[in-house]
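Student: 3D model of this:
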Amino acid sequence: MSDLLAIQNCNLTCLPENYQNKYFSYHILTWPQLLWVAEDEGKIVGYVLAKMEEDDDPIHGHITSLAVLRSYRKLGLATRLMKATHEQMRTVFDAEYCSLHVRESNTAAKHLYQNTLKYNLHATEVGYYADGEDAYDMRLPFPEVIERNRIKKKRKSSKKKKTPTKTKQ
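Tutor: Purely as a prediction, here's the structure:
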């Protein structure tokens, strides 16, 4: 529980979008594999909170929140947190891509997502944030999962075609 409070404190310190404890708790209980924290001597200095969109086709992950305390930025923590979450999305949940929203004005975050992590701009969501700012809907495809799922679907469809049927005599 103290970790939850430390994560929420990091969120409040770093971001204009804040969440209640129950929101964090829901994510942690539902997708524990997708919460990662960065610590310095036991103090949480960064986190990534993510979820799965399992009802969508294809199944994909979504980054809900990423924050690193200002004095710990430019150390690669955000990159490591994101890559750990991406790995779990691919291996545990078989996600075909990861999505996220980023403020149009957040130059540092856009640089991280586009240049470092190789996300692609998918769309602009006008007025997405409570203050009316637009958000970029960004996506990072996981080609190995997409290919694996394509092969699975192909095998399933070929098995259906080969299934013998009874004929009436």
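
Student: from here on, just use CA atoms for contacts and neighbour counts.
Tutor: Noted.

Student: buried sites along stretch 23-34?
Tutor: By neighbour count, with 16 or more other CA atoms under 10 Å as the criterion, the buried positions of stretch 23-34 are 24, 27-28, 31, 33-34.

Student: format the CA atom coordinates belonging to that stretch as CSV.
Tutor: As requested, the backbone C-alpha atoms of stretch 23-34 are provided in CSV (Å, rounded to 0.1, in the frame of the first residue of the first chain):
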residue,chain,number,x,y,z
TYR,A,23,-7.9,3.9,-10.4
PHE,A,24,-4.3,2.9,-9.6
SER,A,25,-5.6,-0.1,-7.5
TYR,A,26,-7.8,-1.3,-10.3
HIS,A,27,-4.9,-1.3,-12.8
ILE,A,28,-2.5,-2.9,-10.3
LEU,A,29,-4.9,-5.7,-9.4
THR,A,30,-6.1,-6.3,-13.0
TRP,A,31,-2.7,-6.1,-14.8
PRO,A,32,0.1,-6.4,-12.2
GLN,A,33,2.6,-7.4,-15.0
LEU,A,34,2.2,-3.9,-16.5
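
Student: average pLDDT for it?
Tutor: On average, the pLDDT along stretch 23-34 is 90.

Student: so how far is that stretch from its chain's centroid?
Tutor: The gap between where stretch 23-34 is centred and where its chain is centred comes out at 12 Å by CA atoms, centre = their mean, to the nearest Å.

Student: could you shift the numbering so residue one becomes 658, and keep it that way?
Tutor: All set: I'll call the first residue 658, so the last point we hit is now stretch 680-691.

Student: got a list of contacts for it?
Tutor: Residues outside stretch 680-691 that contact it (CA atoms under 8 Å, 6 or more residues apart in numbering) are 661, 665, 692, 705-709, 742, 745-746.

Student: with secondary structure and distance to Asn763 as extra columns, can I get the residues you listed in JSON lines?
Tutor: What follows is these, written out as JSON lines (DSSP: H, G, I helix; E, B strand; the rest coil; distance: CA to CA, whole Å):
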{"residue": "Leu661", "secondary structure": "helix", "distance to Asn763": "26"}
{"residue": "Gln665", "secondary structure": "helix", "distance to Asn763": "21"}
{"residue": "Leu692", "secondary structure": "coil", "distance to Asn763": "23"}
{"residue": "Val705", "secondary structure": "strand", "distance to Asn763": "17"}
{"residue": "Leu706", "secondary structure": "strand", "distance to Asn763": "18"}
{"residue": "Ala707", "secondary structure": "strand", "distance to Asn763": "19"}
{"residue": "Lys708", "secondary structure": "strand", "distance to Asn763": "22"}
{"residue": "Met709", "secondary structure": "strand", "distance to Asn763": "24"}
{"residue": "Thr742", "secondary structure": "helix", "distance to Asn763": "21"}
{"residue": "Gln745", "secondary structure": "helix", "distance to Asn763": "26"}
{"residue": "Met746", "secondary structure": "helix", "distance to Asn763": "25"}
